[in-house]
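Colleague: I would like to see how this sequence folds:
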Amino acid sequence: MVGEVQLQRHEVDGESAALEALSRQFRPVLLNYFQRRIGDPAESEDLAQEVFIRMLRRGHVAALEDVRAYLFETASSVLMDRLRKRTVRHSADHETFDSSAHGGEDFPSERVLIGRETLTRASRALLELPERARTVFVLRRLEGLRYRDIARRLGISVSAVEKHMARAIACLTQRMGGE
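Modeller: The predicted model follows:
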């Protein structure tokens, strides 16, 4: 048991040493590779770090025949994963928080109170609707479904969906006093 622990520690130390040597040798080249493709030095550093983390997870780095090829194959994979995440999360569409542009605006307590009262009245009015009309209204206005999709989901005709929606809007408008 003690021999196994020492052997594992020796293997980890050997992997760490091999990875450190790889980092010294290839980090500048990897940074250049990423910066040419994405242009952000800080993110390039993060991506290079991810390459070395994946290499460490893989293990047996010293035993690879063509370390450089494997390293750049991993770098390519890391870059593709980054692009996939950015596409799925629409991260280019996000706006960073700027306190001078977004923060510091306090709403008057009267406005907050009026907003809360209006929301409470709207919630009550929505709950007073017949169940089918309420469901149609929520699916259309809150979830953004099309009439055809609502009809399919509820097993009713598109015409029925339109009628339930008209009834819901009429009832809500009446109960909310035309707000």
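
Colleague: Show me how the record splits the protein into domains.
Modeller: With domains defined by automatic domain parsing, the chain comprises 7-90, 124-176.

Colleague: model confidence over the first one, on average?
Modeller: Averaged across domain 7-90, the pLDDT comes to 81.

Colleague: Next, format the domains of the chain as TSV and append mean neighbour count.
Modeller: (Glycine included, C-beta is placed from N, CA and C.) Converted to TSV, those look like this (neighbours: other C-beta atoms under 10 Å):
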stretch	mean neighbour count
domain 7-90	14
domain 124-176	15
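
Colleague: closest one to residue 110 among those?
Modeller: domain 124-176 (19.5 Å; C-beta to C-beta).

Colleague: All the helices of this protein, residue numbers only.
Modeller: Secondary structure of the chain (DSSP state H): helices at 2-38, 41-58, 67-89, 99-102, 109-128, 131-137, 147-154, 158-176.

Colleague: can you put the domains of the chain in JSON lines and add distance to residue 116?
Modeller: Shown next, in JSON lines, are the domains of the chain (distance: least, C-beta to C-beta, whole Å):
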{"stretch": "domain 7-90", "distance to residue 116": "32"}
{"stretch": "domain 124-176", "distance to residue 116": "13"}
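
Colleague: out of these, which comes closest to residue 107?
Modeller: Nearest to residue 107, of these and by C-beta to C-beta, is domain 124-176 at 21.2 Å.

Colleague: So the residue nearest to residue 160 when sequence neighbours are not counted versus residue 144, what's the distance?
Modeller: Nearest non-adjacent residue to residue 160, counting by C-beta to C-beta, 6 or more residues apart in numbering: residue 151, 7.0 Å away. Residue 151 sits 15 Å away from residue 144, going by C-beta to C-beta, to the nearest Å.

Colleague: Please apply the same query to residue 125.
Modeller: For residue 125, the distance to residue 144 - C-beta to C-beta - is 21 Å.
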